[in-house]
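Trainee: Give me a model of this one.
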Amino acid sequence: MTLPTPELHTERLRLRPFTEADAASLYALQSDAHVLRYWDSPPWTDPARSQRFLATCRRIEEEGSGARLAVDRALDGSFIGWCGLTGFDPDFRSASLGYVFDATTWGNGYATETAHAVLRWAYDTLDLNRVQAETDTRNVASARVLEKLGFVREGTLREDCIVNGDVSDSWVYGLLRRDWDATAGR
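Mentor: All right, here's what the predicted structure looks like:
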């Protein structure tokens, strides 16, 4: 079963499937140590990682297990980040949400706007019942994004990640369809 990556639009953003032309911009984003300081893997040091990421995007679409969308600013068409829905399980009607944005765009509401559009697609088109997200406990800004969207912090994964020798905990968040429908979804 394939899961075609959608093209979504918000007032300020265009979310679209990745293309080969995104490789350089993607590498610039994913190799930025400041952007990835709370990520669960180290910054990229090999430009070939972009090609592997793009291949994974195609693979998860073909398998029907998720979708990763490039995010462009509508005003100037510039690539500012990406958002993904992975681990899609049609039987359990669940998936996981993740996102990464260029540091120059932080504080402008782009992550919230992007995730809202992806969640609307996920609940309306995929008929999900639950979306899960995780964030490093030190990443207060990402936790705020999730909470604005209606996610509830459900627990802490102690010493969940070790990246470059740095041990960190993660918060687990969940957003149920009934909560989405009652708040952010409509």
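Trainee: tell me the secondary structure for Glu159?
Mentor: Of the three states, Glu159 takes strand according to DSSP: H, G, I helix; E, B strand; the rest coil.
Trainee: In contact with it: list those residues for me.
Mentor: Neighbouring residues of Glu159 by Cβ atoms under 8 Å, 6 or more residues apart in numbering: 167-169. No exception for glycine: its C-beta is placed from N, CA and C like everyone else's.
Trainee: What is the nearest of those to Asp124?
Mentor: Lowest distance from Asp124 to those (Cβ to Cβ) belongs to Asp169, with 33.2 Å.
Trainee: Now stretch 130-150: buried residues?
Mentor: If you call a residue buried by 16 or more other Cβ atoms under 10 Å, then stretch 130-150 has these buried ones: 130-131, 133-137, 139, 142-143, 145-146, 149-150.
Trainee: So for it, mean pLDDT?
Mentor: When pLDDT is averaged along stretch 130-150, the result is 96.
Trainee: can you map out the strands along this protein?
Mentor: In the chain, the strands defined using DSSP state E lie at 8-9, 13-17, 67-73, 79-89, 94-101, 130-136, 152-163, 166-176.
Trainee: Given the fourth one, what are its sheet partners and their directions?
Mentor: Paired strands of strand 79-89, with direction, are strand 67-73 (antiparallel), strand 94-101 (antiparallel) (DSSP bridges).
Trainee: Ok, the longest one next?
Mentor: Strand pairing for strand 152-163, using DSSP bridges, gives strand 166-176 (antiparallel).
Trainee: For the partner strand, report the contacting residues that lie outside it.
Mentor: Taking Cβ under 8 Å, 6+ apart as the rule, strand 166-176 contacts 38, 40, 119, 129-138, 143, 146-147, 149-162.
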